[in-house]
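Colleague: This is the structure alone, sequence omitted:
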């Protein structure tokens, strides 16, 4: 089941790619939380393109980083890992959610049981992904299923994507209370397949690098991704979810491969020896801090900016304006993060920094 020839060293371009992804997340929140665009489908923005792979890429990187060739999920290792992640991704997230709701006069309970949790859904869903993967891996290991390991992971991920594509239909079919499943983040399990995709790529990293180095194969994937993205954005969505489902999975995976290929090919530009590399790596290593903090600093009184860009269509100008705002928010988050990290206790409990 385990390939012991996997690389274990930290890859600088992976940290840079995480930083890039975090930048896209904050950029998208500038549009949705600050411009007050009621119907995002009518708003001309590059975010429509980024949304096809942004969150899939975030979960992909989480799965990629998680996998270790020599990791054995026995009871002891699993409990230690789960306890560590629970402290940071559940307790810390709930603390930040409570503080956010208190400051902005929001209802904490309604936020906690909602799908989006006032924005704080990601870390909770990621914890559930960790838990689900450990259980799946342990089960497959016990059943001695090695040859079809990756196929089974993809089948499980596809099935989960299928049943969470339209959660309300599942609620009605099973006659269950949507509040319970929404509070558990059931609809957010749709990204689980991309998390598993990251694990599979890491398991076969040498073969994946061969793909990235094959100009014809990688060129075909990138070309298909770009063409299909343009078609999907133009059409909006196809009538049948049986058509949408494989297309969205393909767009997510091919978008991941495209971004990965870019950072892999130009990895020398993303080392600590370059300014861009240092900045993106720094952001990439502080993604948890930024995610938990950035909601506090989003400039939420920019409705007039959103109205201007709605009436005066200019996606390129909007992209750079929003990107500058996102960079300012991230910079402020990093300042606050460093202040919090002065205390080893707070750094450990809030951001999972190992105690020295």
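Modeller: That came in fine, so what should we check first? None of the values given here were measured: they were computed from a predicted structure.
Colleague: How far off centre is stretch 64-80?
Modeller: Stretch 64-80 sits 21 Å away from the centroid of its parent chain (Cα atoms, centre = their mean, to the nearest Å).
Colleague: How about that stretch, which residues are buried there?
Modeller: In terms of neighbour count (16 or more other Cβ atoms under 10 Å), stretch 64-80 has its buried residues at 64-67, 78. Where C-beta positions appear, they are placed from N, C-alpha and C, glycine not excepted.
Colleague: What average pLDDT does the helix or strand hosting residue 264 get?
Modeller: Take DSSP states H and E as the rule and residue 264 turns out to sit in helix 241-265. For helix 241-265, mean pLDDT rounds to 92.
Colleague: How far away from the center of its chain is the next helix or strand along the chain from that helix?
Modeller: Next helix or strand after helix 241-265 toward the C-terminus (DSSP H and E): helix 275-285. In terms of Cα atoms, centre = their mean, the centre of helix 275-285 is found 18 Å from the chain centre.
Colleague: need the contact list for the residue nearest to residue 157 when sequence neighbours are not counted.
Modeller: Excluding the flanking residues, the one nearest residue 157 by Cβ to Cβ, 6 or more residues apart in numbering is residue 193, at 3.0 Å. Residues in contact with residue 193, defined by Cβ atoms under 8 Å, 6 or more residues apart in numbering, are 154, 157-158, 160-161, 249, 252.
Colleague: Taking helix 241-265 as reference, get the angle to whichever strand or helix holds residue 193.
Modeller: Assigned by DSSP H and E, residue 193 falls within helix 192-203. Calculated by axes from the mean of the first three to the mean of the last three Cα atoms, to 10 degrees, helix 192-203 forms an angle of 40 degrees with helix 241-265.
Colleague: Can you list the buried residues in the helix or strand following helix 192-203?
Modeller: Once the chain leaves helix 192-203, the next helix or strand it forms, by DSSP H and E, is helix 205-212. Neighbour counts over helix 205-212 (16+ other Cβ under 10 Å) mark 205, 208, 212 as buried.
Colleague: which residues are in contact with the helix or strand harbouring residue 84?
Modeller: Assigned by DSSP H and E, residue 84 falls within helix 75-86. With contacts defined as Cβ under 8 Å, 6+ apart, helix 75-86 is touched by 71, 73, 127, 130-131, 134, 138, 352.
Colleague: likewise stretch 345-356?
Modeller: 84, 87-88, 91-92, 95-96, 288-289, 292, 337, 340-341, 344.
Colleague: can you rerun that using 7 Å?
Modeller: Here stretch 345-356 makes contact (Cβ atoms under 7 Å, 6 or more residues apart in numbering) with 87-88, 92, 288-289, 340-341, 344.
Colleague: Which among those residues count as buried?
Modeller: Buried among those by 16+ other Cβ under 10 Å: 88, 92, 288-289, 340-341.
Colleague: And the helix holding residue 264, what does it pack against?
Modeller: Taking 3 or more Cβ pairs under 7 Å, 6 or more residues apart in numbering; DSSP states H and E as contact, the helices and strands that helix 241-265 lies on are helix 12-29, helix 54-66, helix 149-165, helix 192-203, helix 215-235.
Colleague: which stretch among those comes nearest residue 305?
Modeller: helix 12-29 (13.8 Å; Cβ to Cβ).
Colleague: Next secondary structure after that closest one?
Modeller: Criterion used, DSSP H and E; the element after helix 12-29 is helix 47-50.
Colleague: which residues of this protein score low on pLDDT?
Modeller: Scanning the chain for pLDDT under 70 picks out 1-9, 38-42, 356.
Colleague: who's in contact with the residue nearest the centre of it?
Modeller: For the chain, the residue sitting closest to the mean C-alpha position, by Cα atoms, centre = their mean, is residue 58 at 2.6 Å. Taking Cβ under 7 Å, 6+ apart, we find residue 58 in contact with 21, 25.
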